[in-house]
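**Student:** okay, here's the prediction I keep looking at, along with the sequence it came from:
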Amino acid sequence: MAELAEKTQISGQLPDAGGHFGVFGGRFVSETLMAALEELEAAWRHYVNDESFMAEFDADLAHFVGRPSPLYFARNLTEKAGGAKIVLKREDLNHTGAHKINNTVGQGLLAKAMGKKRLIAETGAGQHGVASATIAARLGLPCVVYMGSEDVKRQSVNVFRMKLLGAEVVSVDAGSKTLKDALNEAMRDWVTNVDDTFYILGTVAGPHPYPAMVRDFNAVVGREARVQMVDEYGRLPDALVACVGGGSNAIGLFHPFIDDRDVAIYGVEAAGRGLHGQEHAASLCAGRVGVLHGSRTYLLDDEAGQIIDTHSVSAGLDYPGVGPEHAWLKDSGRAEYVGIDDEEAMAAFHDLTRLEGIMPALESAHAIAYGMKLASQMDSDRIILVNLSGRGDKDINTVAELEGITL
Amino acid sequence: MNRIDVRFKQLREQGRKALIPYVTAGYPGPDSTVAVLHAAVESGADLIEVGMPFSDVMADGPVIQEACARSLEQGTGLEQVLAMVAEFRRGDADTPVILMGYANPIERRGVARFCEEAAAAGVDGLLIVDCPADEAEEMRSQLARHDLHQIFLVAPTTTDARLKRAAELAGGFLYYVSIKGVTGGANLDTASLAPAVERVRAAAGVPVAVGFGIRTPEHAAAAAESADAVIIGSALVERLGKADSAAAAVAAARDYLAPIRRAMDNTASPQSDVVTA
């Protein structure tokens, strides 16, 4: 059994040397960024094999982030769903309130090791921005966070948190004024200030090596969960459920289980106001393969190949692309991707809050909603492990507004 | 023979340097582009670069980003861009046209179909900003099929290994990005340009063009001293954006490009000896 828990070597060894997951991924960027990406890849490959670097990373995850995050059996939620046991991986208990900090600590330490003097990041819901500002504060580095002006409005609490942490928040007015536009702007900053600046990308999207690097820094979630499942339940879960915007919390949980063929994997996309129209952010459920933000992946575009505006009640899922490894997991059939709409997510938000005393992020509420749906279709001796990727404090303004309440 | 090669051969024989203006198709309005292209040629342009609007122009600065957004709002798709090139071609059989844009709209239309249509419209080369040589297999074979050149960017940060690869695959000319940054950046250092261009030229078997951040006649003249061609985009597009009619856009293009042409001709040394592909 100990062997089962410790088995974390993943077969397949993707991506390949060019950053490809099958036909997905790669490095579709302007030549102006190539050298920076090559430098980053070389540094990353070097330091992940450097014992003292990894020891510092592990120590930070333990003492700064507060890892390991517990598993929690959601008894009341399970009762309501009426079926399989729902177990939550409590990433919401991490320092700064979400899984995002795992990756930013890793990339922050890498920036320091590379001698970079300035950090930049993009953010949607603001969780990655806060996590980046947090590591910047601790490392004593200036930090600029790009955020769509639409998101600045709906995530004002996180904007203030970033400012308190000493970061400069740049509101991006271009395009749909959300995460994708913030990412464009961060890339522009990086290419202009490439000598001294480290770009902390917050998800498993973007050009190689980001999808692989961000995955590896987040895979601590799945590695811990394996060990905890075996320790506490004597076996692996029957299914994994996580929400997918860019896909970093999901891939962090999924990756160490990819070779466990008996563990079903479900990624939950934001179906917004329904998958039939255009007001959603479900690139895997309803998109096509194309090229966006440096990689080949599923995305949402119009007939002319222009990227379209997406919609989700949760800013963190409001993104028209998705990490290339998810595209590969979908096409290879290893994972299944489903949609949860705004209303279902809101209902799950309230259920978890009232039944368990845990207020989930609206992103994570999508995973909770699908976890409950799935549980109701499975026997009570089955176990579903849901990644509770973040806490909902940041969303109270959004929730209040949706329900017509003035705070 | 591809028009780009013909044109650089002529320029070399005449001892002139090429002026390559960039215009975002359909900006400021759909009726202005063809007229502006003709005006640019009359004002001394030797080749023309036409931008294909895209929603997420990651390598471009605010000016071209805004131009793309406004052009898209007015319905400029690849079909309209190609129609503009075809119309330009009816009045100008010789000036090479290079399309510059991003991969996704082309993939959505189909790479093979788009290359065929581009060649039929009178396009001579393609610069796909986010489709580097490493990822360009299908693109390359389709372009070759229609005698279209694939233009590659080379940056100040490009390693020797990547420069060598770009030089091997380059058709037409190599596009040297003169600054670290996005199009229209303000940090051009003309003093460092000559050695940088020399480095690219030593690897390239094709002419070397310089672009990104060239705004004034002085910049253009300085770049023309070492490079074979000077590309001007954002500064021109910015002026076109202030025009409220096609006629005003034409006048803006003339007013801006003519002094640049004069400055390049007054200072340029004869074009260096390069082997055209």
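**Tutor:** All right, it came through fine. Since the model is a prediction, treat every value here as computed from it, not as a measurement.

**Student:** using the three-state scheme, assign A:Phe198.
**Tutor:** Applying DSSP: H, G, I helix; E, B strand; the rest coil to A:Phe198 yields a three-state assignment of strand.

**Student:** that one: what's it in contact with?
**Tutor:** Going by C-beta atoms under 8 Å, 6 or more residues apart in numbering or on different chains, A:Phe198 touches A:107, A:110-111, A:114, A:116, A:118-120. Where C-beta positions appear, they are placed from N, C-alpha and C, glycine not excepted.

**Student:** and these, which of them are buried?
**Tutor:** Neighbour counting over those (16 or more other C-beta atoms under 10 Å in any protein chain shown) leaves A:107, A:110-111, A:116, A:118-120 as the buried ones.

**Student:** possible to save the residues you listed as CSV with secondary structure?
**Tutor:** Conversion of those to CSV gives the following (three-state DSSP):
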residue, secondary structure
A:Gln107, helix
A:Leu110, helix
A:Ala111, helix
A:Lys116, coil
A:Arg118, strand
A:Leu119, strand
A:Ile120, strand
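
**Student:** in chain A, which residue sits nearest chain B?
**Tutor:** A:Gly305 (3.2 Å; C-beta to the nearest C-beta).

**Student:** that residue: neighbour count?
**Tutor:** A:Gly305 is flanked by 24 other residues according to other C-beta atoms under 10 Å in any protein chain shown.

**Student:** that one contacts B:Asn104, correct?
**Tutor:** Yes - counting by C-beta atoms under 8 Å, A:Gly305 touches B:Asn104, with 4.6 Å between them.

**Student:** need the buried ones among the contacts of A:Phe198 in a markdown table (columns: pLDDT).
**Tutor:** Formatted as a markdown table, the buried ones among the contacts of A:Phe198 follow (pLDDT from 0 to 100):
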| residue | pLDDT |
| --- | --- |
| A:Gln107 | 98 |
| A:Leu110 | 98 |
| A:Ala111 | 98 |
| A:Lys116 | 98 |
| A:Arg118 | 98 |
| A:Leu119 | 98 |
| A:Ile120 | 98 |
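
**Student:** mind giving me CSV with those residues and columns for distance to B:Leu78?
**Tutor:** Shown next, in CSV, are the buried ones among the contacts of A:Phe198 (distance: C-beta to C-beta, whole Å):
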residue, distance to B:Leu78
A:Gln107, 37
A:Leu110, 40
A:Ala111, 40
A:Lys116, 39
A:Arg118, 38
A:Leu119, 38
A:Ile120, 33
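
**Student:** show me which residues of the stretch 1-150 of chain B are close to chain A?
**Tutor:** Contacts of the stretch 1-150 of chain B with chain A, taken as C-beta under 8 Å from any C-beta of the partner chain, map to B:54-59, B:61, B:65, B:69, B:72, B:77-78, B:102-109, B:129-132, B:134-135.

**Student:** swap the cut-off to 7 Å and go again
**Tutor:** Counting by C-beta under 7 Å from any C-beta of the partner chain, the stretch 1-150 of chain B comes close to chain A at B:54-56, B:58-59, B:65, B:72, B:77-78, B:103-105, B:107-109, B:129-132, B:134-135.

**Student:** so which helix or strand takes in the nearest residue to A:Phe73 once chain neighbours are set aside?
**Tutor:** Among residues not flanking A:Phe73 along the chain, A:Val87 sits closest, at 5.4 Å (C-beta to C-beta, 6 or more residues apart in numbering or on different chains). Under the criterion of DSSP states H and E, A:Val87 resides in strand A:85-90.

**Student:** just checking: what are the partner strands of that strand?
**Tutor:** Partner strands for strand A:85-90, per DSSP bridges, with pairing direction: strand A:71-73 (antiparallel), strand A:383-388 (parallel).

**Student:** CA atoms of that strand as CSV?
**Tutor:** Only the C-alpha atoms of strand A:85-90 are listed here, as CSV (Å, rounded to 0.1, in the frame of the first residue of the first chain):
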residue,chain,number,x,y,z
LYS,A,85,-18.6,9.8,-0.6
ILE,A,86,-17.4,13.3,-1.4
VAL,A,87,-14.0,14.1,-0.1
LEU,A,88,-12.5,17.6,-0.5
LYS,A,89,-8.8,18.4,-1.0
ARG,A,90,-8.6,21.6,1.0
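
**Student:** so the residue nearest to A:Phe73 sits against A:Leu385, correct?
**Tutor:** Yes - contact criterion C-beta atoms under 7 Å: A:Val87 and A:Leu385 qualify, at 5.1 Å.

**Student:** between the two, which is the more surrounded one?
**Tutor:** More crowded of A:Val87 and A:Leu385, by other C-beta under 10 Å: A:Leu385, with 27 against 23.

**Student:** picking that back up, make TSV out of the strands paired with strand A:85-90 and add mean pLDDT.
**Tutor:** Formatted as TSV, the strands paired with strand A:85-90 follow (pLDDT from 0 to 100):
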stretch	mean pLDDT
strand A:71-73	98
strand A:383-388	98
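
**Student:** which of those sits most buried?
**Tutor:** strand A:383-388 (a mean of 28; mean count of other C-beta atoms under 10 Å in any protein chain shown).

**Student:** what does that strand rub up against?
**Tutor:** Residues outside strand A:383-388 that contact it (C-beta atoms under 7 Å, 6 or more residues apart in numbering or on different chains): A:84-92, A:221, A:225, A:229, A:233, A:237-242, A:249-250, A:253, A:360, A:364, A:367-368, A:371, A:374-375.

**Student:** hey, which strand is longest across the chain?
**Tutor:** You didn't say which chain, so I picked chain A. Across chain A, the longest stretch assigned as strand under DSSP state E is strand A:264-272.

**Student:** other chain: chain B
**Tutor:** The residue-count maximum for a strand in chain B (DSSP E) belongs to strand B:18-24.
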